[in-house]
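*Asks:* using only what follows, build the 3D model:
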Amino acid sequence: MIDAKKPLRVLVSEGSSTSGREAITILGLAGHHVEICDPSRWCLARYSRFVRKYHHCPPLRTDPAGFLRFVERLLASRHFDVLLPIHEQGFLFARAEGRLQPRVGLALPDFTSYRAVHSKAGFSRLLDQLGLPQPPTRIVNSVEELRDGLRFPSVVKTSIGTASRGIWFVRDANDLHRALYDLESAGDFAGEVLAQDLITGTVEKAQSVFCRGTLIAFHAYRQIAAGVGGGEAIKESVSRPAIRAALETIGAHLGWHGALSVDVIMPLDSATPLLIDCNPRLVEPMNAYRSGTDLVDLLLRVSLDETPAPLADGRAGVRTHLAMQALLGSASRDGTRRELIRECGRIAAGDGLYRGSTEELTPVRLDWLSAAPLAMTTALLLASPQIASSLARGGFGAHLLDRGSIKKIESAEFC
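*Replies:* The predicted structure follows:
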């Protein structure tokens, strides 16, 4: 059992994502010793008083073997109790689990199970196999197949993609031409492409932690307001027994061990939730934490080979927000300084949709250093609101995978 009086030494596998930044806050508030490795010297997590040490590492995207060797050397030279694969590094760590497990606590399923849900096409096939609901979906491999099989309106997705990238909303022929141009230009038909019917409804997300195929914690929230790129700017916890049951089925089938999250559409004309994406990791765990479900602590326990008792679901109706996402979203939609200043005022005063909400990404009162990226983002947007989209694209960094790095990791000679 984790000794509450003894801080753990935790190595977080990256510090650029919102998920990583929120996990670091939760770890720090619990008193754990947190270190991060990231290819960016100015990653988001460096602006946190909870990070004891930063390690500059090779980029996962272009040098997965070098990144793995770096982590192995770090584990050999410094003691860590837990390695926390907070983002796509889990794909690499699951592939090399035999090299890492003897040195550190690590909660991941076997690589076959991880691969089954990492790609959007693989997850769609798994849902069909298990009889779980998803929007009508077609998986294609060419321009002709996509053009011939598409129904308007649809969502077109590359099989590999994260942070809302590789997604096109196709409502008419002009949208389709733009999507086809982008897909061909990027060479995305070298892999599989999905076309899903566009369902009108509310976006929700659910997170869970499994211990050897048994679900031990679950949390769900709905989007109240979108930020730039479709991510959540304001969210609210909800009770979703049907989604919990679907996740339980998936985790039991795969013998899942560790964190597992899904994206869901709640259709306006149906009570049946439709699963649309899967992330084999935690995604922004602070709303769950504020709702009384500490998924990060549970993940630490599972990483140390404990078998924790299942947690009760957290409270529904708990609202949290990400001020940076809200400001980026406001600038990308309206594009005026006046509206941006109004949004800043609403956030600061807790007015409107922010009433009763707490900050989850840059909690300045808990972590004064987090004011730096928030202030910098605000200043840049006030100087030029039009740069919101380019600032958001900057989040797709060297800490993430692409088709090339995935191919290297999957190769027989990698491990």
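
*Asks:* measure Val262 to Leu298 for me?
*Replies:* Relative to Leu298, Val262 is positioned 17 Å away (Cβ to Cβ, to the nearest Å). C-beta coordinates here come from the backbone N, C-alpha and C atoms, glycine included.

*Asks:* oh, that last question was meant for Glu413, not what I typed.
*Replies:* If you measure Glu413 against Leu298 using Cβ to Cβ, the figure is 36 Å.

*Asks:* could you check which of those two is surrounded by more residues?
*Replies:* Each of Glu413 and Leu298 has its neighbours counted (other Cβ atoms under 10 Å); Leu298 has more, 24 against 5.

*Asks:* tell me who's in contact with that one.
*Replies:* With contacts defined as Cβ atoms under 8 Å, 6 or more residues apart in numbering, the neighbours of Leu298 are Val209, Ile216, Ala217, Pro308, Leu311.

*Asks:* just the ones in helices from those residues, please.
*Replies:* Taking DSSP state H, every one of these sits outside helices.

*Asks:* now render the residues you listed as CSV, adding neighbour count.
*Replies:* What follows is the contacts of Leu298, written out as CSV (neighbours: other Cβ atoms under 10 Å):
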residue, neighbour count
Val209, 33
Ile216, 20
Ala217, 24
Pro308, 17
Leu311, 19
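
*Asks:* beyond the lowest-mean-pLDDT helix or strand in the chain, next helix or strand please.
*Replies:* Among the helical and strand segments of the chain, the one scoring lowest on mean pLDDT, DSSP states H and E is helix 388-393, with a mean of 70. For helix 388-393, the following helix or strand on the C-terminal side (DSSP states H and E) is helix 403-410.

*Asks:* now the residue nearest the centre of the chain, what's its secondary structure?
*Replies:* Taking Cα atoms, centre = their mean, the centroid of the chain lies closest to Val283, which sits 3.9 Å from it. Secondary structure, DSSP: H, G, I helix; E, B strand; the rest coil: Val283 is coil.

*Asks:* just Ile265 next, same as before
*Replies:* strand.

*Asks:* touching, it and Leu198? I think so.
*Replies:* No: in this structure, Ile265 is not within contact of Leu198 by Cβ atoms under 8 Å, at 9.4 Å.

*Asks:* ok, these two, which is more surrounded?
*Replies:* The residue with the greater number of neighbours, taking Ile265 and Leu198 and applying other Cβ under 10 Å, is Ile265; the counts read 24 against 17.

*Asks:* the more buried one pairs with what?
*Replies:* Partner residues in beta bridges with Ile265, using DSSP bridges, are Val203, Leu274.
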